[in-house]
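Chemist: after the sequence you'll find the predicted model.
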Amino acid sequence: MLRYITTPFRKPSTIKLKADSLVRPIKVPCQYKTYATGKTTTTERMLYYAGVTKRIGDIDDGDTVMDYLAAERERGITINSAAITFGWRGHRINLIDTPGHVDFTMEVERAVRVLDGAVTVLDGVAGVEAQTETVWKQADKYEIPRIAFVNKLDRTGAAFGKAVREIWKKLRTRPLVVQLPVLSSESMDQQHKGLRAVVDLVTMEMIQWDEAHADRSVLNRMPLKDATTDDALLQEAVKGRTALVEALAEMDDAIVEIFFDQADGDHMRVDADALKAAIRRATLANTAVPVLCGAAFKNLGVQPLLDAVIDYLPSPLDRPSAMVTYSNGKTALIPVNDSHMCALAFKVVHDAKRGPMVYVKVYSGKINTRMTLFNTSTRSKERVNKLLQMYAKDVEEIPSLAAGNIGVIVGLKDTRTGDTLVQSNDTNAIKKGLQLGNIEVPSPAFFSAVEPASVSEEEAVTNALKSLVREDPSLKVWTDEESGQLLVSGMGELHLEIVKDRLLNDFKVKAEMGKMRISYRETCQSDADASAAYDKEVMGKRARAACRVEISPIHDDAEQQALQEGWIADSGNRLVADMALEDDQVAPADSSPEDMKQAMQNGLLAGLARGAVLGFPLTKLKVKAYGLQTFGSETTLGAISACVSNAVYEAVQKANPCLLEPMMEVHTEVNENHIGTVVSDLSGTRRGHVIGLESSSSSLGSDGDNTENLQVYAPQDPLLATSDVDGYKPKQVIKAHVPLSSMLGYSSALRSLTGGSGSFSMRVIGYGEMSKDRERSVISEIKGY
Ligand SMILES: Nc1nc2c(ncn2[C@@H]2O[C@H](COP(=O)(O)OP(=O)(O)OP(=O)(O)O)[C@@H](O)[C@H]2O)c(=O)[nH]1
């Protein structure tokens, strides 16, 4: 019944490569690659070993399969998370390679939402970086089982043990070391320095790559005791195997039984297959994360990583049933083998030839070509023209897409990222407004004006921007009412730079982008209520409705949590649509209560999209629409939305509106002698609030034998014991909350404060109040008067 039983592949599994870079959205040119951990490089090797490609694509030569957009190849970074399907050991793998840059967090969120399992790629020198922690939390939210791959172990200063300790301490998860890196002696020449082989602690074998094959496609496994006479390595392997068995025994009774009954209490004799099964159980239960190692660029470690994906990550059948919500707020679980089709659109890509391509994950049932679907988010019908399986930029047309799989639908007109699709004859799902749960859209921190090159270009530019927004909901486009200027907001400098690139190169429209500015938010300081009516002639027919709206500020998270009524929108507002009608009022013809509620909700969202001060979106408000008045057949759903939106606008005007500015959590890593200067710069000139200071290594324990204190096993890092290792010096991390506006130019300021040795990362954590003086200066800067 399920697709993977009837295809040549046995077990589909969706994996994602993630982990990331220490990201600096505001920084000097050419900064983008600096902290990339090797996700695309690892993916390219996977595709090569799986036989999908005939030669290995190289990031540095700009000829990768996964990073196929011109903008990606030029910069050597991933922007779009490309999806690809391939087989390994008779299993089918749907892989999504995600970007590491913080500006593309939305891309990651979309991918994480539909994954069954993930591979986190870490840089063996940098270890767990700030963005790794962010992405890890995103995966935690969806309880995605994970494997960690410590990459770049060929680099000087690489420290596998340190990375393992960081996985435990910073990611707060239990690492299960299943491999040990075997490093060459320091006396070796440059070409052969670094990682040479890998010890498999599950099978107690040495994995070596045949040097006669430059692509390292041939690997040999040999019992460890036959492969080496290196005492230190043998001892470390015994220690690692013992720790692995002990850790699994703590979590799994089956291992305890095998340990005593079959292995006579000898850690080395516990059966490898039993260990693999226990590691899989621990991974699926999210109680542990297997840690592997390699150097993808040198073609080392990738085939065992693919084996681990099959051995330890879940198939869709292993995953919990999908949770759906209905418009009455009730939830239900839809098992993967339910025959009713339900799918989530998690990505939309504009293709010049095919039109919008909608990436979907099917959670139950099956989509066929030519099927008519119903979008329960937009409440409209859609038709499937074609179904495609993606091989990065190459595609294969397929007749159907079954539960557990990811594919692309061509022909959908209005479906956006985050929408739920069901079959058009599934009256139950349609009536109840079944939703698979939205994808969280982060708040854009920056915006910029878009100037079409001429009046005749205006329409083309607007349409191109519309397509970009449908692809990427973290972009917002609106027109400033006063100046008539077209504005686009995004997550950061790189995000907006890519918008410009794509307008010019992909959509071939002529437009200039203005200076990048900070995207503020607006809120209200007092309570207010207002009523509004809508009464207009639309296409020769009168459309009428009226309603009331009340607004009150939400001061903090505790207050938000305490509120019960309504739902929290992405914008941080709590919205209530009370559609109770007076006795003598009737609902519009052909409209269900769900349609009316949706119309009121749309009105609330539209009204809150533009504030009264500078037109920035409103946040931190409780907004209730109620007292709906209908006028027989003259009341349409559009009129209901419009009157609610008008009433929100009226109420905001009366409720003492003000500006809020984006607040950043900033982590600055510096040498000890620079702490004083950097702290006083952050807390003085930059109006920040320093919240803590932490050593990048002290919390992780030393590299010696104190692993007992850590309760997890992490091998020693021999290279770190030597003093001449470049690239690794423990630093101090200063944590602070700082307004985004004060962080402009921080990259170069930090360079001069620290002689080039400091680095930082930051992310939006919310919106904070501003002094009246600052508010006035922001208003006059933006309005120009
Ligand atoms: N020394 C070394 N360099 C590597 C290794 N893997 C990747 N690199 C290099 O690291 C850089 C970044 O590699 P990518 O594969 O683009 O990294 P990424 O994580 O996909 O980057 P983003 O997509 O931008 O987040 C490139 O210059 C690679 O050649 C490795 O194992 N060893």
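Modeler: Looks like it arrived, so ask away.

Chemist: quick one: residue 48 is in a strand?
Modeler: No. With DSSP: H, G, I helix; E, B strand; the rest coil as the criterion, residue 48 is assigned helix and is not in a strand.

Chemist: please shift the residue numbers so they start at 541 in all later answers.
Modeler: Shifting the count to begin at 541 puts that one at residue 588.

Chemist: what about the nearest residue to it once chain neighbours are set aside, distance to residue 581?
Modeler: Spatial nearest neighbour of residue 588, chain neighbours left out: residue 596 (4.7 Å); criterion: Cβ to Cβ, 6 or more residues apart in numbering. To be clear about C-beta, it is placed using only N, CA and C from the backbone, and glycine gets the same treatment. Separation of residue 596 from residue 581 (Cβ to Cβ, to the nearest Å) stands at 9 Å.

Chemist: who has more neighbours out of the two?
Modeler: residue 581 (27 against 20; other Cβ atoms under 10 Å).

Chemist: ok, the more buried one touching residue 835?
Modeler: No. Checked against Cβ atoms under 8 Å, the pair residue 581 and residue 835 is beyond contact range at 9.5 Å.

Chemist: what residues are shared contacts of these two?
Modeler: Taking Cβ atoms under 8 Å, 6 or more residues apart in numbering as the contact rule, the neighbours common to residue 581 and residue 835 are residue 691.

Chemist: could you pull up phi and psi at the residue of the stretch 891-1040 of the chain found nearest the ligand?
Modeler: At 10.2 Å from the ligand, residue 1034 is the closest residue in the stretch 891-1040 of the chain, using Cβ to the nearest ligand atom. Phi and psi for residue 1034, reported as degrees, to the nearest 10, are phi -70, psi -40.

Chemist: run a quick neighbour tally on it.
Modeler: For residue 1034, using other Cβ under 10 Å, the count is 25.

Chemist: tell me the secondary structure at the nearest residue to it once chain neighbours are set aside.
Modeler: Nearest non-adjacent residue to residue 1034, counting by Cβ to Cβ, 6+ apart: residue 643, 4.6 Å away. Each residue gets one of three states, and residue 643 gets helix by three-state DSSP.

Chemist: surely residue 643 and residue 1037 touch.
Modeler: No. Residue 643 lies out of contact with residue 1037 (Cβ under 8 Å); the separation is 9.1 Å.

Chemist: who touches stretch 785-800?
Modeler: 714, 716, 805, 807, 810-811, 814-815, 817-819, 821-822, 827-828, 1252-1253.

Chemist: tell me the mean pLDDT for that stretch?
Modeler: For stretch 785-800, mean pLDDT is 94.

Chemist: just give me how far stretch 1158-1176 sits from the chain centre.
Modeler: Offset of stretch 1158-1176 from its chain centre (Cα atoms, centre = their mean, to the nearest Å): 34 Å.

Chemist: helices of the stretch 1141-1290 of the chain, start to end?
Modeler: Ranges of helices in the stretch 1141-1290 of the chain, per DSSP state H, counting those that start in this stretch, are 1177-1194, 1215-1223, 1247-1250, 1258-1261, 1286-1294.

Chemist: residue 643 and residue 1037: which is more packed in?
Modeler: residue 643 (25 against 18).

Chemist: measure the more buried one to the ligand for me?
Modeler: 11 Å (Cβ to the nearest ligand atom, to the nearest Å).

Chemist: distance of that residue relative to residue 1035?
Modeler: 4 Å.

Chemist: please apply the same query to residue 1279.
Modeler: 20 Å.

Chemist: more neighbours: which of those two?
Modeler: residue 1035 (26 against 19).

Chemist: after the helix or strand containing that one, which helix or strand is next?
Modeler: Residue 1035 is located in helix 1033-1045, with elements delineated by DSSP states H and E. The helix or strand immediately downstream of helix 1033-1045 is strand 1051-1053, counting by DSSP H and E.

Chemist: what lines up beside that following strand in the sheet?
Modeler: In the sheet, strand 1051-1053 lines up against strand 986-992 (antiparallel) (DSSP bridges).

Chemist: tell me what the next helix or strand after the strand it pairs with is packed against?
Modeler: Using DSSP H and E, the helix or strand that directly follows strand 986-992 along the chain is helix 998-1011. Packing partners of helix 998-1011 (3 or more Cβ pairs under 8 Å, 6 or more residues apart in numbering; DSSP states H and E): strand 882-891, strand 986-992, strand 1016-1019, strand 1026-1030, helix 1033-1045.

Chemist: the contacts of stretch 785-800 also near the ligand: which ones?
Modeler: For the ligand, no contacts are drawn from those by Cβ under 6 Å from any ligand atom.

Chemist: quick one: buried ones out of the residues you listed?
Modeler: Among the contacts of stretch 785-800, those classed as buried by 16 or more other Cβ atoms under 10 Å are 714, 716, 807, 810, 814-815, 817-819, 821-822, 827-828, 1252-1253.

Chemist: relative to the ligand, which of the residues you listed is nearest.
Modeler: Nearest member of the buried ones among the contacts of stretch 785-800 to the ligand, counting by Cβ to the nearest ligand atom, is residue 716, at 21.9 Å.

Chemist: quick one, the helix or strand hosting residue 633 and strand 882-891 angle?
Modeler: Residue 633 is part of strand 631-637, with elements assigned from DSSP H and E. Strand 631-637 and strand 882-891 meet at an angle of 50 degrees, taking axes from the mean of the first three to the mean of the last three Cα atoms, to 10 degrees as the criterion.
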